[in-house]
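A.B. asks: can't give you the sequence, but here's the structure:
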């Protein structure tokens, strides 16, 4: 697959949530902005699939899962930290 191709819903692995690393929120509040460009770059740099759980305007409780990172073995602190709610 070339870098310009995009994955459709049917291309996402069915075991994504079970095999992915959940990234939890360290704060609570309304999600105001998602840095989609930054998340896409993060995913491309580490060859990951990211599945977001919330959209701007949603209220997020501390400790709830913000997104899943797949495959989990490629997710390290360089991946997890920028993905958290700031």
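C.D. replies: Noted; the coordinates are in hand. Computed from a prediction, not measured in an experiment: that's the story for all the values here.
A.B. asks: Look through the chain and tell me its longest strand.
C.D. replies: Using DSSP state E, we find that the single longest strand of the chain is strand 65-70.
A.B. asks: Please go through the chain and pick out the longest helix.
C.D. replies: Longest helix in the chain by number of residues, with DSSP state H as the criterion: helix 36-46.
A.B. asks: Please point out which parts of that helix sit buried.
C.D. replies: For helix 36-46, a neighbour-count test (16 or more other C-beta atoms under 10 Å) marks 39, 42-43 as buried. Any C-beta I mention is one placed from the backbone N, CA and C, and that applies to glycine too.
A.B. asks: just curious, which of the residues you listed is nearest to residue 31?
C.D. replies: Residue 31 has its nearest neighbour among these in residue 39, at 12.9 Å by C-beta to C-beta.
A.B. asks: so that closest one sits right up against residue 51, yeah?
C.D. replies: No - between residue 39 and residue 51 there is no contact under C-beta atoms under 8 Å: 10.6 Å.
A.B. asks: residue boundaries of the helices in the chain?
C.D. replies: Going by DSSP H, the chain shows helices at 16-19, 36-46, 77-83.
A.B. asks: The ones you listed into TSV, with extra columns for mean pLDDT and distance to residue 67?
C.D. replies: As requested, those are arranged in TSV below (pLDDT from 0 to 100; distance: least, C-beta to C-beta, whole Å):
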stretch	mean pLDDT	distance to residue 67
helix 16-19	76	11
helix 36-46	91	8
helix 77-83	67	6
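A.B. asks: For the longest helix of the chain, enumerate the helices and strands it packs against.
C.D. replies: Helix 36-46 is packed against strand 49-52, helix 77-83, with contacts defined by 3 or more C-beta pairs under 8 Å, 6 or more residues apart in numbering; DSSP states H and E.
A.B. asks: need the contact list for the nearest residue to residue 51 once chain neighbours are set aside.
C.D. replies: The shortest distance from residue 51 to any non-neighbouring residue, by C-beta to C-beta, 6 or more residues apart in numbering, is to residue 68 (4.6 Å). With contact taken as C-beta atoms under 8 Å, 6 or more residues apart in numbering, residue 68 is in contact with 16-17, 20-23, 50-51, 53.
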